[in-house]
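Asker: quick one: sequence plus predicted model below, questions after.
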Amino acid sequence: MAVTPDTINHLRVATVLHYYATGPGQELHAWLRGKRCAACALLEHPFQFSRREYARLENCENGVVVGEQRFPVGRLPMPIRYCLDFLRTVSILRRSTWDAYVGNGCFDTLAGIVLRRLGKVRRVVLYTIDYAPNAGGSRLYAWLYRKIDRFCCYHADAIWNLSRRMMTGRWKDGTKLDRCAKAIWVPHGTHARRMRHEVRMECEPQRVAFFGHVQEKSGVQLFIEAMPELTRDFPALHLDILGDGPYRPALERLAARLHMEHRVTFHGFIENHDDAEKFLVRCGIGLALYVPGDSDFSQYADPGKPKVYLACGLPVVIVGVPEVADLIDARGAGRKIEYDRVSMCAAITDILRTHGEYRSRALSLADEYDWDAVFSLAWHETL
């Protein structure tokens, strides 16, 4: 059952997140704006590794942008930056009252709980995009992350989880589930309906794409290492990397060493999500080659990359780290593989030999996760 338009029209919602690229928080804000809710605000704090050097606030009323502000931020150590971001959030949002505050992750949710205590917020939602206590690389970070996340779970009014596994991860880390707020599954959505007119009947099946942050754990090196073998059967094979990150130089060296540099194109960071989608619809396969590991973000998350591929008509070759890998494999919208060359080459070969069928099933699965359906159900269960 969906929330009625009248319900949304009367809501005042603030969404707070830390920014690197477009994600579920921005999608929620755009959805609220499209539904012409009474007021919606989006406050983006840049991550340390973000190219932005400012925080950004966008205010909308009845679907119309009525103001935008930017706040310079300094290159400070991470703990200091997070403290200042917390203070900035409280200072800015306490100027109004909000029916709901949606914090993307525990650090951003903490400010919403304080604002509720101050009488400025009615409901607080912990929107868990990633549950990854070990991502900070230190025991202190992991301890703080678990403590703050547990506090938010106990004091929020609702918990939105991208993956059903997230509550299991919290339970393993000592969180008492019977003390937590109501947990609601809010999977990563797609622009499937909007993309229908963009998805072309003709694409280039042998054009393989990777979209995302270029890190070693992204696993793109596995595909590049297999390209000399794959190109013997598929001479038009080409890899397009849409994104940037610290591992890009290593991938460039690997492609050159294997004499594959003419088959690999690095497009760099693409800030506008629509531009990335317009490119992806021309491709034939999407890569989600997560390197398995306990500290990986994707173990308890629902990564956006596979859903973007599906909406663009790309069958997905995905390592079985995130929960969505099982669904993609079961529905024939791609192939779940082990992180090894043999498994990956077999999947690429199978998809390319019956590409039209895989493509059709990918689009069908994407329809089930359109953002409108995802957020309508989330608000219905929350309110």
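Answerer: Yep, that arrived.
Asker: do you know how far the residue of the chain most remote from its centre is from residue 226?
Answerer: Most distant from the centre of the chain: residue 232, at 34.8 Å, with distances by Cα atoms, centre = their mean. Going from residue 232 to residue 226 by Cβ to Cβ, to the nearest Å gives 11 Å. Using the backbone N, CA and C atoms, a C-beta is placed for each residue, glycine as well.
Asker: re earlier: confirm the residue farthest from the centre of the chain sits in a helix?
Answerer: Yes: counting by DSSP: H, G, I helix; E, B strand; the rest coil, residue 232 is part of a helix.
Asker: downstream of the helix or strand harbouring residue 80, the next helix or strand is which one?
Answerer: Here residue 80, judged by DSSP states H and E, is contained in helix 78-93. Per DSSP H and E, the first helix or strand lying C-terminal to helix 78-93 is strand 98-104.
Asker: quick check: mean pLDDT of that next one?
Answerer: Averaging pLDDT along strand 98-104 gives 97.
Asker: what packs against it?
Answerer: strand 12-19, helix 24-34, helix 106-117, strand 121-128 (3 or more Cβ pairs under 8 Å, 6 or more residues apart in numbering; DSSP states H and E).
Asker: flag every buried residue along the last one.
Answerer: Buried positions in strand 121-128, judged by neighbour count with 16 or more other Cβ atoms under 10 Å: 121, 123-128.
Asker: what does the third one give?
Answerer: Buried positions in helix 106-117, judged by neighbour count with 16+ other Cβ under 10 Å: 106-116.
Asker: just the residues you listed now: which is nearest residue 40?
Answerer: Distances from residue 40 to these, taken as Cβ to Cβ, are shortest for residue 112 (14.5 Å).
Asker: from residue 91, how far off is the closest residue to the closest one other than its chain neighbours?
Answerer: With sequence-adjacent residues excluded and distances taken as Cβ to Cβ, 6 or more residues apart in numbering, residue 112 is closest to residue 101, at 3.6 Å. Note on residue 101: its distance to residue 91, by Cβ to Cβ, is 14 Å.
Asker: for those two, indicate the residue with more neighbours.
Answerer: A direct count of neighbours by other Cβ atoms under 10 Å for residue 101 and residue 91 places residue 101 higher, at 30 against 11.
Asker: contact partners for the more buried one?
Answerer: Contact analysis of residue 101 by Cβ atoms under 8 Å, 6 or more residues apart in numbering lists 13-14, 16, 93, 109, 111-112, 115-116, 121, 123-125.
Asker: same thing with residue 99?
Answerer: If you count contacts by Cβ under 8 Å, 6+ apart, residue 99 has them with 10-13, 122-123.
Asker: and if you look at residue 49?
Answerer: So residue 49 contacts residue 20 (Cβ under 8 Å, 6+ apart).
Asker: helix, strand, or coil at it?
Answerer: coil.
Asker: how close does it sit to residue 173?
Answerer: Note on residue 49: its distance to residue 173, by Cβ to Cβ, is 25 Å.
Asker: kindly report the same for residue 341.
Answerer: 34 Å.
Asker: in JSON lines: the helices and strands packed on strand 98-104, plus distance to residue 351.
Answerer: Output for the helices and strands packed on strand 98-104, formatted as JSON lines (distance: least, Cβ to Cβ, whole Å):
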{"stretch": "strand 12-19", "distance to residue 351": "34"}
{"stretch": "helix 24-34", "distance to residue 351": "28"}
{"stretch": "helix 106-117", "distance to residue 351": "38"}
{"stretch": "strand 121-128", "distance to residue 351": "32"}
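Asker: show me the one of these that comes nearest residue 329.
Answerer: helix 24-34 (23.4 Å).
Asker: quick one: buried residues of the closest one?
Answerer: Quick answer for helix 24-34 (16+ other Cβ under 10 Å): 24-33.
Asker: what angle separates that helix from strand 12-19?
Answerer: Between helix 24-34 and strand 12-19, the angle comes out at 150 degrees (axes from the mean of the first three to the mean of the last three Cα atoms, to 10 degrees).
Asker: before we move on, back to that, out of the buried residues of helix 24-34, which is nearest to residue 366?
Answerer: Residue 366 lies nearest to residue 27 out of those, by Cβ to Cβ, at 14.4 Å.
Asker: is it true that the closest one touches residue 186?
Answerer: No: look at residue 27 against residue 186 with Cβ atoms under 8 Å: they stay out of range, at 10.7 Å.
Asker: so for the two, which residues contact both of them?
Answerer: The contact sets of residue 27 and residue 186 overlap at residue 375 (Cβ under 8 Å, 6+ apart).
Asker: which parts of this protein belong to which domain?
Answerer: 5-186, 193-367 (automatic domain parsing).
Asker: distance to residue 376 added to those, as a markdown table?
Answerer: Output for those, formatted as a markdown table (distance: least, Cβ to Cβ, whole Å):
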| stretch | distance to residue 376 |
| --- | --- |
| domain 5-186 | 9 |
| domain 193-367 | 13 |
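Asker: nearest to residue 373, out of those?
Answerer: It is, among the domains of the chain and with distance given as Cβ to Cβ, domain 193-367, at 9.1 Å.
Asker: may I have the distance across that closest one, first residue to last?
Answerer: 7 Å (Cα to Cα, to the nearest Å).
Asker: one step back: which pair of the buried residues of helix 106-117 spans the longest distance?
Answerer: Greatest spatial distance among these (Cβ to Cβ): 107 and 116, at 16.3 Å.
Asker: where does the stretch 51-200 of the chain dip in pLDDT?
Answerer: Counting by pLDDT under 70, the ranges of the stretch 51-200 of the chain that qualify are 136-137.
Asker: what about 90?
Answerer: Along the stretch 51-200 of the chain, the model assigns pLDDT under 90 to residues 51-53, 74-81, 130-142, 164-165, 192-200.
Asker: roughly how far does the most centrally placed residue in the chain sit from residue 99?
Answerer: When Cα atoms, centre = their mean is applied to the chain, the residue found nearest the centroid is residue 304 (3.9 Å). Using Cβ to Cβ, one gets 27 Å for the distance from residue 304 to residue 99.
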